[in-house]
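Trainee: sequence? don't have it. structure:
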């Protein structure tokens with residue numbers, strides 16, 4: 001039986017997650033434009049971009065950490081998580097200053113993208129052939 005390499009699994013996660021978030025960005029931009037004009041379109045694009053960055057950082061930290069020892073792996077993943085928290089707080093502070101964005105469109109697109117990427121993660125991991133040691 002052929003097992004999947006962790007790099008293969010997380011590469012699939014990155015590719016499928018990016019495709020899903022791109023589709024959500026297109027649909028969200030259309031709905032945002034139809035409901036709130038340019039502010040809705042821009043808000044949906046910003047929400048999708050934030051989600052794409054955060055989903056990519058998670059997968060990349062796991063990919064980088066997989067080449068390290070267990071302690072190094074946890075250090076990279078925890079460091080990536082802390083970096084994401086700092087970036088998220090900074091991003092929200094910047095977005096609050098910009099008046100031309102629809103916050104509802106940002107929120108809805110961000111939530112849809114995060115939930116969708118979680119579904120992609122679960123799908124890819126459950127379909128992969130990863131050995132389990134008991």
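Mentor: Done, it's in. All values derive from a computational prediction rather than experimental measurement.

Trainee: just give me the neighbour total for residue 39.
Mentor: 20 (other Cβ atoms under 10 Å). For every residue, glycine as well, the C-beta is placed using N, CA and C.

Trainee: and for the one 5 residues further on?
Mentor: Taking other Cβ under 10 Å as the criterion, the count of residues near residue 44 is 32.

Trainee: which non-adjacent residue is nearest it?
Mentor: Nearest non-adjacent residue to residue 44, counting by Cβ to Cβ, 6 or more residues apart in numbering: residue 28, 3.4 Å away.

Trainee: spatially central residue for the protein, please.
Mentor: Centroid-nearest residue in the chain, with Cα atoms, centre = their mean: residue 55, separated by 2.1 Å.

Trainee: does residue 131 count as helix, strand or coil?
Mentor: State at residue 131, reduced to three classes by DSSP: H, G, I helix; E, B strand; the rest coil: coil.

Trainee: and it, how far is that from residue 55?
Mentor: Residue 131 sits 26 Å away from residue 55, going by Cβ to Cβ, to the nearest Å.

Trainee: so which residues of this structure form helices?
Mentor: Assigned by DSSP state H, the helices in the chain fall at 6-36, 38-65, 70-97, 103-127.
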